[in-house]
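A.B. asks: just need the structure, nothing else, for what follows:
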Amino acid sequence: MKKAKIYIPSKTAMQSGLGKNKKWIIEFYTEDKNINPLMGWETSSNTLSEVKIEFTSKDLAINYAKKNNIQYDLIEPKKRKLVKKSYADNFIK
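C.D. replies: Residues are numbered from 1 along each chain as shown. Okay, here's the model as predicted:
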């Protein structure tokens, strides 16, 4: 049976805003990992490990997984604490 994880990807180190973090992704797990003898890279004969499917909501991703008999792990995003700061705080302490 196919197994996948459903999650919202974290932002990269080059991003500071929160604008494009609303998409949910289904990414399949790799079962058979091997080492390529020529280059020494990790390789697999299963091409599902290269597939990432994007959805606009968590419910759509879960429904897709259930409809296609995909066993899934749901990874909920962690909420970020926003600390409001002002420029004057640098000089008050």
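
A.B. asks: list the buried ones in the lengthiest helix in the chain?
C.D. replies: Counting residues, the longest helix found in the chain (DSSP state H) is helix 58-67. Residues of helix 58-67 classed as buried: 61-62, 64-65 (neighbour count, 16 or more other Cβ atoms under 10 Å). Placement of C-beta: from N, CA and C, glycine included.

A.B. asks: then stretch 11-22?
C.D. replies: By neighbour count with 16+ other Cβ under 10 Å, stretch 11-22 contains no buried residues.

A.B. asks: what do you get for stretch 36-55?
C.D. replies: Buried residues in stretch 36-55, counting neighbours by 16+ other Cβ under 10 Å, are found at 49, 55.

A.B. asks: next, the distance between the ends of that stretch.
C.D. replies: By Cα to Cα, to the nearest Å, the extent of stretch 36-55 from end to end equals 33 Å.

A.B. asks: give the rounded mean pLDDT of that stretch.
C.D. replies: For stretch 36-55, mean pLDDT is 83.

A.B. asks: need the contact partners of that stretch.
C.D. replies: Residues outside stretch 36-55 that contact it (Cβ atoms under 8 Å, 6 or more residues apart in numbering): 2, 23-35, 61, 64.

A.B. asks: redo that, cut-off 10 Å
C.D. replies: The contact list for stretch 36-55 (Cβ atoms under 10 Å, 6 or more residues apart in numbering) reads 2-4, 6, 9, 23-35, 60-65, 70.
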